[in-house]
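Enquirer: Turn this into a structure:
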Amino acid sequence: MRFEEHLYCPPLVWLSGVQAHGYLLAWVKHEKTGEWRGVVTWTRVSGDRTNHQRLVITAEARGLRPMEAPAAYAGVPRLLLTTSGEIEVLSGGGV
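Expert: Coordinates of the predicted model:
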């Protein structure tokens with residue numbers, strides 16, 4: 001097995017709300033509303049090279065656009081936020 005096959009890098013998505021790209025860490029479905037949201041990490045860049053901020057946000061699924069081939073998103077975890085506030089791992093499925 002090649003070295004690269006042991007590494008995981010989340011797939012890229014375009015965040016239309018902030019006009020930036022980020023890495024899709026997980027999909028979260030809200031049990032109460034049925035809404036899907038993406039958990040995304042991205043870097044806010046300012047004019048000052050020393051003042052970048054790494055952010056983790058949730059964004060509506062409809063506001064995210066894939067930037068890679070569909071197969072790249074197959075390994076993204078799919079989670080369920082239950083009405084009691086617990087997080088459950090979903091098997092299969094997705095947006």
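
Enquirer: Next one: residue 63 relative to residue 15, how far apart?
Expert: Separation of residue 63 from residue 15 (Cβ to Cβ, to the nearest Å): 7 Å. Placement of C-beta: from N, CA and C, glycine included.

Enquirer: ugh, typo on my part, it should be residue 33
Expert: When residue 33 is compared with residue 15 (using Cβ to Cβ), they lie 21 Å apart.

Enquirer: repeat for residue 46
Expert: Note on residue 46: its distance to residue 15, by Cβ to Cβ, is 17 Å.

Enquirer: who's more crowded, the two?
Expert: Neighbours were counted for residue 46 and for residue 15 using other Cβ atoms under 10 Å; residue 15 has more, 18 against 9.

Enquirer: partners of the longest strand seen in the chain in the sheet?
Expert: With secondary structure taken from DSSP state E, the chain has its longest strand at strand 20-30. Partners of strand 20-30 in the sheet, by DSSP bridges, are strand 12-15 (antiparallel), strand 36-44 (antiparallel), strand 78-81 (parallel).
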